[in-house]
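Novice: next input, structure requested:
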Amino acid sequence: MNLELTWRLLKGGGRRGLLGTWLTLGAVAVSTALLLFAVTANFAFEDRGERGAWRNPVPAAQGQRAVAVEGTRLDYVRDRQIVIVDLAALGSSPPVPPGMPRFPAPGEAYFSPALAALAKQLPAAQLAGRFPAMTGVLGEEALVHPEELVAVVGQRPDAPVMTAPRGADDAPVRVADLAGEPSMDSQGYRILALIGSVLMVVPLLVFGGAAARLTVARRDQRLAALRLVGATPGQVVGMTVAEAVIVAFAGVLTGTVAYALALPLLTGIRMSGGPWFAADLWPDPPVLAATVVAVPLLVGLSAVAGLRRVVVSPLGVAKRETPPAMRFLRVLVLLAALAAFPLMGRDTGIAIIVAAIGLAFLSVNLVGPWVVALIGRITARGARGPARLLAGRRLVDDPRSAWRTVSGVALTGFVAGFLALLSPGVLTSDAVPGQLRVLVPEGSSATVAEHARDRLREAGVTATVKQSDDVVAVTVADRDDPATLDRGRTALAGLVPGRTATTGADDDHTGAQLLADIGVGTVVVLSVSFLVAIASAGITAASSILDRRQTYGLLRLAGTPLAVLDRARRAETLIPLTVMGGGSILVGAFCATPFMFGAPNANGLIMLLVCVGLGFAGVLAAGALSRPLLRAVTTDPAPRPD
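Specialist: Residues are numbered from 1 along each chain as shown. The predicted structure is shown next:
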């Protein structure tokens with residue numbers, strides 16, 4: 001019976017009632033699509049780390065039989081990194097490496113698809129000459145990302161490349177199997193992804209919960225009327241849950257389809273040197289199922305949470321009495337959450353950091369309506385015109401609704417303030433352009449330098465060769481020509497077993513890549529935050545007009561100019577946005593202070609200014625787009641509740 005009545009009320013709400021339902025559905029769809037991306041990104045980085053773990057082998061334990069020797073080294077071509085994995089079997093039945101049909105025999109080489117394509121594109125003297133002839137192509141199971149350059153080379157156990165002295169970190173190891181551990185870099189990316197997810201997920205959860213409260217006044221009036229004519233509290237709760245879940249479930253399905261359609265664009269986001277496999281960013285069945293269940297449940301619980309006045313005091317709702325003021329306890333919760341940050345540092349556990357950031361985020365959302373109500377009282381007392389007076393009274397009357405309109409931008413301010421202080425600077429380098437360096441064993445620099453001159457001469461590369469105790473430095477004559485530099489790399493390949501010729505930029509490649517990826521991650525997090533903020537501002541602005549269409553219509557009939565109503569609506573948004581936006585930026589910056597590396601840089605400050613500008617522009621645009629709806633509801637000659 002409740003479900004049938006709920007369906008009738010949904011269909012019978014009229015054109016504007018259905019518009020409110022569509023707004024809720026759109027809000028849930030946006031939340032779902034972005035939530036899937038934020039959550040799946042963590043699993044995507046985990047999948048990358050697992051696929052690359054076999055290159056970071058675990059040495060065989062003492063007394064354990066080793067089946068292979070494995071060593072990894074790095075080479076470079078056209079400023080791109082090549083991962084070279086040397087494998088040597090120690091028995092007749094070595095394990096098959098991931099992405100390969102069998103264990104490579106000595107002299108065989110398997111290339112990743114991207115490396116195979118590049119080797120065909122470039123002359124052999126610039127790339128392919130460094131390796132044996134290609135035997136086969138590696139499968140996806142062996143690659144971190146589709147464009148990764150990887151070469152697996154089969155060696156003999158006693159080959160110089162497997163036995164020559166190297167550093168402790170990159171020396172070949174005897175392994176019992178090829179199941180390794182994710183690298184430290186991979187684990188670092190997962191930590192950064194987790195922090196980024198918290199910065200994205202919390203606003204999404206807030207927005208998803210607020211979606212259940214869209215057109216809340218219209219629904220409360222309708223449910224209060226049913227309560228006054230005899231509906232039981234259980235029936236009111238049941239109808240509310242049914243309505244919210246039906247709309248939310250449709251929104252979840254729409255959001256999932258939208259995410260699937262956007263997947264080709266998302267895979268193009270370059271992190272750690274390349275794009276993504278589509279399977280990485282598509283949620284696993286348990287994640288997808290949990291989202292389909294959790295989002296409607298969250299929306300339903302949020303809708304029920306606002307029913308206390310309808311159930312306990314339906315007459316007060318019908319008479320549009322102003323609800324009691326919120327308590328100062330909300331501010332104390334925020335202060336308590338912020339008090340933990342001065343006690344933390346960069347060595348604090350990631351779980352504690354993530355929990356503290358999430359708690360601070362939620363506390364900002366909790367204190368928002370209280371601050372909005374305070375702003376409303378100050379605005380009403382200091383009003384010098386009807387628009388400001390209307391705006392102030394409205395903020396006092398329903399601070400939660402006003403907060404929902406600006407909460408997206410305010411929470412984005414928290415993200416921007418947090419990331420502005422952690423924004424990476426520019427990596428400086430004192431590398432000599434066009435200079436290749438090779439580390440050499442002690443006492444062999446003269447011999448290695450002479451061999452280097454011979455090889456470069458045979459390759460037709462004009463260069464200057466200098467030596468020191470442990471380094472041979474080769475400076476090519478044509479420093480600005482990448483082809484000449486790569487010919488020099490190829491000529492020097494194997495000059496010192498297990499070592500490759502690298503430039504200063506090559507040696508800084510990992511640090512530069514990390515800084516670039518942090519920059520990309522910052523842009524992604526802020527983009528998601530702004531999508532939430534703009535969607536929240538637009539949808540809640542339209543919903544607020546539908547909630548108050550009777551009030552707007554009566555004010556219009558009483559002679560209030562439409563321009564005054566529009567100015568009041570704009571002030572009702574911009575005044576709390578200015579205060580709460582600035583406050584949330586300061587809170588985010590405060591939370592980031594314990595994790596700063598040095599003083600803030602210009603990149604972070606520029607990013608912060610851009611975010612502030614985009615936030616205000618988004619809210620103004622949302623208000624402008626909803627102005628025709630305001631005009632439409634105020635032209636109704638007989639405004640009435642649904």
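Novice: alpha carbons only for contacts and neighbour counts from here, please
Specialist: OK.
Novice: where does the most centrally placed residue in the chain fall, secondary structure wise?
Specialist: A centroid search over the chain (C-alpha atoms, centre = their mean) returns Val525, at 4.2 Å, as the residue closest to the centre. Here Val525, judged by DSSP states H and E, is contained in helix 509-547.
Novice: what does Pro98 give?
Specialist: Going by DSSP H and E, Pro98 is not part of any helix or strand.
Novice: who's in contact with it?
Specialist: 54, 139, 141-142 (C-alpha atoms under 8 Å, 6 or more residues apart in numbering).
Novice: among these, which one sits closest to Leu625?
Specialist: Glu141 (48.4 Å; C-alpha to C-alpha).
Novice: after the lowest-mean-pLDDT helix or strand in the chain, next one along is what?
Specialist: When each helix and strand of the chain is scored by mean pLDDT, DSSP states H and E, helix 314-318 comes last, with a mean of 42. Using DSSP H and E, the helix or strand that follows helix 314-318 in sequence is helix 329-338.
Novice: and that next one, which residues are buried?
Specialist: Buried residues in helix 329-338, counted by 16 or more other C-alpha atoms under 10 Å: 330-331, 333-334, 337-338.
Novice: need the max-distance pair from the residues you listed.
Specialist: Arg330 and Leu338 (12.8 Å).
Novice: how does the protein divide into domains?
Specialist: Segmentation of the chain into domains, based on automatic domain parsing, reads 1-51+194-321, 65-175, 327-426+515-642, 435-507.
Novice: looking at the ones you listed, which is nearest to Glu181?
Specialist: With C-alpha to C-alpha as the measure, domain 1-51+194-321 is the member of the domains of the chain nearest Glu181 (7.5 Å).
Novice: returning to that earlier point: take the domains of the chain and write them to a markdown table, including distance to Ser183.
Specialist: Output for the domains of the chain, formatted as a markdown table (distance: least, C-alpha to C-alpha, whole Å):
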| stretch | distance to Ser183 |
| --- | --- |
| domain 1-51+194-321 | 7 |
| domain 65-175 | 12 |
| domain 327-426+515-642 | 17 |
| domain 435-507 | 18 |
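Novice: out of the ones you listed, nearest to Pro59?
Specialist: Among the domains of the chain, domain 65-175 comes nearest to Pro59, with 4.8 Å by C-alpha to C-alpha.
Novice: measure that closest one end to end?
Specialist: Terminal residues of domain 65-175 lie 8 Å apart, using C-alpha to C-alpha, to the nearest Å.
Novice: close enough to count as contact, the residue nearest to the centre of the chain and Leu199?
Specialist: Yes: between Val525 and Leu199 there is a contact at 7.1 Å, judged by C-alpha atoms under 8 Å.
Novice: please save the CA atoms from the strand or helix carrying Gly413 in CSV.
Specialist: Taking DSSP H and E as the definition, Gly413 sits inside helix 399-422. The C-alpha trace of helix 399-422 is given here as CSV (Å, rounded to 0.1, in the frame of the first residue of the first chain):
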residue,chain,number,x,y,z
PRO,A,399,20.3,27.4,7.2
ARG,A,400,20.6,23.8,6.1
SER,A,401,19.1,24.5,2.7
ALA,A,402,21.4,27.5,2.2
TRP,A,403,24.4,25.4,3.2
ARG,A,404,23.5,22.7,0.7
THR,A,405,23.7,25.4,-2.0
VAL,A,406,27.3,26.4,-1.1
SER,A,407,28.6,23.3,0.6
GLY,A,408,30.1,21.9,-2.6
VAL,A,409,32.2,25.0,-3.3
ALA,A,410,33.1,25.4,0.4
LEU,A,411,34.3,21.8,0.7
THR,A,412,36.2,22.3,-2.6
GLY,A,413,37.9,25.3,-0.8
PHE,A,414,39.0,22.8,1.9
VAL,A,415,40.6,20.6,-0.8
ALA,A,416,42.2,23.6,-2.5
GLY,A,417,43.6,25.0,0.8
PHE,A,418,45.0,21.5,1.7
LEU,A,419,46.6,20.9,-1.7
ALA,A,420,47.9,24.5,-2.1
LEU,A,421,50.4,24.0,0.7
LEU,A,422,51.4,20.6,-0.6
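Novice: flag every buried residue along the helix or strand where Arg394 lies.
Specialist: Element membership for Arg394 (DSSP H and E) is helix 386-397. Buried residues in helix 386-397, counted by 16+ other C-alpha under 10 Å: 387-397.
Novice: what residues does stretch 589-607 touch?
Specialist: 338, 341-342, 344-346, 357, 414, 416-425.
Novice: ugh, wrong one, stretch 174-188
Specialist: Residues outside stretch 174-188 that contact it (C-alpha under 8 Å, 6+ apart): 45-46, 48-50, 52-61, 64-70, 95, 97.
Novice: now list the buried members of those.
Specialist: 45-46, 48-50, 52-60, 66-70, 95, 97.
Novice: can I take it that Val96 is in a helix?
Specialist: No: checked against DSSP: H, G, I helix; E, B strand; the rest coil, Val96 lies outside a helix; its state is coil.
Novice: look up phi and psi at Ser183.
Specialist: Per-residue torsions, Ser183: phi -70, psi 170 (degrees, to the nearest 10).
Novice: how near is it to Glu46?
Specialist: Counting by C-alpha to C-alpha, the separation of Ser183 from Glu46 is 11 Å.
Novice: what segments of the stretch 351-500 of the chain are strands?
Specialist: Remark: strands assigned in the stretch 351-500 of the chain by DSSP state E, counting those that start in this stretch are 435-439, 463-467, 471-476.
Novice: what about the second one, distance to the chain center?
Specialist: Computed by C-alpha atoms, centre = their mean, to the nearest Å, the separation of strand 463-467 from the middle of its chain amounts to 46 Å.
Novice: partner strands of that strand and their direction?
Specialist: Sheet pairing of strand 463-467 (DSSP bridges) gives strand 471-476 (antiparallel).
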